[in-house]
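Engineer: model the structure of this input:
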Amino acid sequence: MDKAFLGVIWAFAFVFLESFQAVFFGGLFQSLSPYLFGFLVFGITSLGFVGWTALKKPQHIKNALNNPRPLIAINIAATIAVMSYLVSIKLIEPAIAYCISAGAMPITTYVLFRLGVREGEGMRNRFEAAGNALLFCGIVYLAGITITGSSGFVREGAWEIALIGVLLAVLDGVLFTWVLVYGQRLDKVGVGPDAVFGLRFMFYICAAGGLALTDPAPAGQYEFSELSMLVLIGLLLTIPDRKSTRLNSSHFS
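Structural biologist: Next comes the predicted model:
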């Protein structure tokens, strides 16, 4: 199968899973701390991926530790990106937050190209340029209807809250682009995708765990069995979603 066509298939799979995830998480976080949920889901995920890599491909872990600059950078970017994402879908319409975040990524990639970052990509033709222009207009439109109160949901209904949610969604898209940039750099020094996926959340797990402890009722009204089921759903939505991202980027690289 043609690599570009396969990449498009994975891109559609990613969009479907990420959209479903955003809507599910957005509703869930009205009663459950996003920090506790993120700590549990990403903690279990990272433990599994890092543990498997340490057993099967320990050299990948060593290669990552021997390259601390991109490893630290990807952790910082991932920590802020994930927190921004989880809070944004709590504050504003999850579908809008996801669209703004996803739309910011290709635009950020072009900006990085203009700034001379080697992983950035320029416009290859007029159609691609037109597509990115439409994405930018779409982001402005979605931001506008959210801030003016014309969207489906804004927590507490205040325009200030809407503005924060929009800015966090943009920040998530920008920083997740940097996550992919640093992921490529780690890949080039012999760190496989499973190791990158697990190791990039180490800072986030620590930060989310600490923030969850400050929440007086992080689990809301959920019993242990209910919380366990929600975490399981989170794992099922997160792992295939991030796997499709890795495969999609590898087929276009």
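Engineer: ok, Gly78 - how many residues close by?
Structural biologist: Not quite, residue 78 is Ala, not Gly. Residues contacting Ala78 under the criterion other Cβ atoms under 10 Å number 24. (Each C-beta comes from the backbone N, C-alpha and C, glycine too.)
Engineer: OK, contacts around the nearest residue to it once chain neighbours are set aside?
Structural biologist: Once flanking residues are discounted, Ala78 sits nearest to Arg200: 4.6 Å by Cβ to Cβ, 6 or more residues apart in numbering. Counting by Cβ atoms under 8 Å, 6 or more residues apart in numbering, Arg200 makes contact with Ile74, Asn75, Ala78, Val179, Tyr182, Gly183.
Engineer: how about 7 Å then?
Structural biologist: Ile74, Asn75, Ala78, Val179 (Cβ atoms under 7 Å, 6 or more residues apart in numbering).
Engineer: which of the residues you listed fall within helices?
Structural biologist: Taking DSSP state H, the ones among the contacts of Arg200 that sit in helices are Ile74, Asn75, Ala78, Val179.
Engineer: where in the stretch 1-150 of the chain is pLDDT low?
Structural biologist: 1 (pLDDT under 70).
Engineer: hang on, the earlier thing: how about the ones in helices among the contacts of Arg200, which pair is most distant?
Structural biologist: Farthest-apart pair in the ones in helices among the contacts of Arg200 is Asn75 and Val179; separation 9.3 Å (Cβ to Cβ).
Engineer: give me the neighbour count for Gly27.
Structural biologist: Using other Cβ under 10 Å, Gly27 has 14 other residues around it.
Engineer: check what pLDDT the residue nearest to Ala78 gets.
Structural biologist: Looking at Arg200, its pLDDT stands at 93.
Engineer: returning to what we had before: wait, which of the contacts of Arg200 is closest to Thr109?
Structural biologist: Val179 (12.2 Å).
Engineer: ok, residues contacting stretch 57-72?
Structural biologist: Applying Cβ under 7 Å, 6+ apart, the external contacts of stretch 57-72 come out as Thr53, Ala54, Tyr182, Arg185, Leu186, Val189, Gly190, Val191, Gly192, Ala195, Leu199.
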